[in-house]
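Undergrad: just a sequence and a predicted model for now, questions to come.
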Amino acid sequence: MPLHRPALAAGARASLPVLLGVAPFGVITGVAMVASGIPPLAAMLMSLAVFAGASMVASAQLLAQGTPAALIIVATLIINLRFMMYSASLRAHLAHLPLRWRLAVSYLQADNVYGLSLSRFAEHPADPHKLEYFLGAGVLIWGAWQAAVLAGVMIGAGVPPAWRLEFAAPLAFIAMTVPFLRDRAMVGAALAAAATVIATHGLPLRLNLIAAAMAGIVAGLLLERRKP
Amino acid sequence: MSAGATLWLSLAGMAVVTYLLRASFLLLPPGVRTPPLLRRTLRFVPAAVLTAIWAPELLLEDRVLSVSLENERLLAGFVAIAVAWRWRMTSATIAAGLAALHFFAWIS
């Protein structure tokens, strides 16, 4: 199946403004990994193999605290559970594709690639070149992300602590969260998760993250307007 | 377990878990329907989990809840939320949040 070039280009073009956000978060992720003691080569391998910034920053902190591998993997599962939701909603558009393309789409899934593609698919539901649009956006964002992480890994511990650059990680998560807060139920889910994560922060093993995820989901389901 | 072994085991486990989550529904055969309750539940995961990651960075100081005008990270967080809400740009949100953090630290 030859790929449709104009749709690839359209996806790549649409992702250009997003790169302005991908680049700083990638650099911060690279800096955070090296600063918490991960060797540069392992940090780059993690970026290539995991390709999920939020979970990488969290794991770097947990590794620095001497957390066992099993718990780091569970924390990653919780933080990256959102990809399962992306997978479920992309399925409506891409389930008919050959397996090898679905495997590639799975690897390239990232918050902003998903966001760009889903808004495009909503506007053009019958577009025959959804795969190409996704790949155009996904490959460019992937490349920019890896380059940014590499830059961060090389800068590493060279950033003066007085800059307080570590605060950029929560700021990047805020930027990722806000677009989801479109209705009352979503805002309720976020507030319930925030309250729960604080109330249960004394729990060991990052269990407060699991408690917060469950509280957020329950709050969201309760506040959601049931469709008749 | 040595720190090196923990690192490599974590890296491998994180890669496998993350890929399986991303592939999950895309690997089901086209005929299979996803249960509506599951999809409704998953809808709230990003807002809940992402918020649970950043909220403690704003609200806790030395593991104690700190809601006051003395907490410059909380104030900078409000600035970042407002910028993210208005402009929907990661770079602007990070820049505004960091600038606000240094500003509030400087005036206090």
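TA: Cool, the structure landed.
Undergrad: how far does the helix or strand where residue B:95 lies sit from its chain's centre?
TA: Taking DSSP states H and E as the definition, one finds residue B:95 inside helix B:90-107. In terms of CA atoms, centre = their mean, to the nearest Å, the centre of helix B:90-107 is set 18 Å apart from its chain centre.
Undergrad: following the longest helix anywhere in chain A, which helix or strand comes up?
TA: As assigned by DSSP state H, the longest helix anywhere in chain A is helix A:5-35. Tracing the chain past helix A:5-35, the next element assigned as helix or strand by DSSP H and E is helix A:40-50.
Undergrad: for that following helix, buried residues please.
TA: A:42, A:43, A:44, A:45, A:46, A:47, A:49, A:50 (16 or more other CB atoms under 10 Å in any protein chain shown). Backbone N, C-alpha and C define where each C-beta goes, glycine included.
Undergrad: residue A:39: how many residues sit nearby?
TA: Per other CB atoms under 10 Å in any protein chain shown, the neighbour tally for residue A:39 reads 13.
Undergrad: so how far is residue A:74 from it?
TA: 23 Å (CB to CB, to the nearest Å).
Undergrad: helix or strand: which one has the closest residue to residue A:109 other than its chain neighbours?
TA: Of all residues not flanking residue A:109 in the chain, residue B:22 sits nearest, at 4.5 Å (CB to CB, 6 or more residues apart in numbering or on different chains). Residue B:22 is part of helix B:3-23, with elements assigned from DSSP H and E.
Undergrad: tell me the buried residues in the helix or strand sitting right after that helix along the chain?
TA: Downstream of helix B:3-23, the first helix or strand assigned by DSSP H and E is helix B:36-43. For helix B:36-43, the neighbour count (16+ other CB under 10 Å) marks B:42, B:43 as buried.
Undergrad: list the contacts of helix B:36-43.
TA: By CB atoms under 8 Å, 6 or more residues apart in numbering or on different chains, the surrounding residues in contact with helix B:36-43 are A:81, A:82, A:84, A:85, A:88, A:89, A:217, A:220, A:221, A:224.
Undergrad: kindly report the same for stretch A:63-78.
TA: Against stretch A:63-78 from outside (CB under 8 Å, 6+ apart): A:36-38, A:50, A:52, A:55, A:58-59, A:62, A:205-206, A:209-210, A:213, B:1, B:3, B:5-7, B:9-10, B:13-14, B:17-18, B:21, B:49.
Undergrad: neighbours around the residue nearest to residue A:121 when sequence neighbours are not counted, how many?
TA: Nearest non-adjacent residue to residue A:121, counting by CB to CB, 6+ apart: residue A:93, 5.1 Å away. Counted with other CB under 10 Å, the neighbours of residue A:93 add up to 20.
Undergrad: show the average pLDDT along stretch A:124-133.
TA: Averaged across stretch A:124-133, pLDDT comes to 92.
Undergrad: repeat that for stretch A:149-165.
TA: pLDDT averaged over stretch A:149-165 gives 86.
Undergrad: same question, stretch A:202-212
TA: Averaged over stretch A:202-212, pLDDT sits at 82.
Undergrad: low pLDDT regions in chain B?
TA: For chain B, the stretches flagged by pLDDT under 70 are B:1.
Undergrad: most remote residue from chain B's center?
TA: residue B:31 (33.9 Å; CA atoms, centre = their mean).
Undergrad: quick one, phi psi at it?
TA: The phi/psi pair for residue B:31 (degrees, to the nearest 10) reads phi -70, psi -20.
Undergrad: could you measure it against chain A, distance?
TA: Separation of residue B:31 from chain A (CB to the nearest CB, to the nearest Å): 9 Å.
Undergrad: which residue is the nearest non-sequential neighbour of residue 85?
TA: Chain wasn't specified; assuming chain A. Here the residue nearest residue A:85, using CB to CB, 6+ apart, is residue B:42, at 3.7 Å.
Undergrad: not what I meant, chain B
TA: Closest to residue B:85 by CB to CB, 6+ apart is residue A:178, at 5.6 Å.
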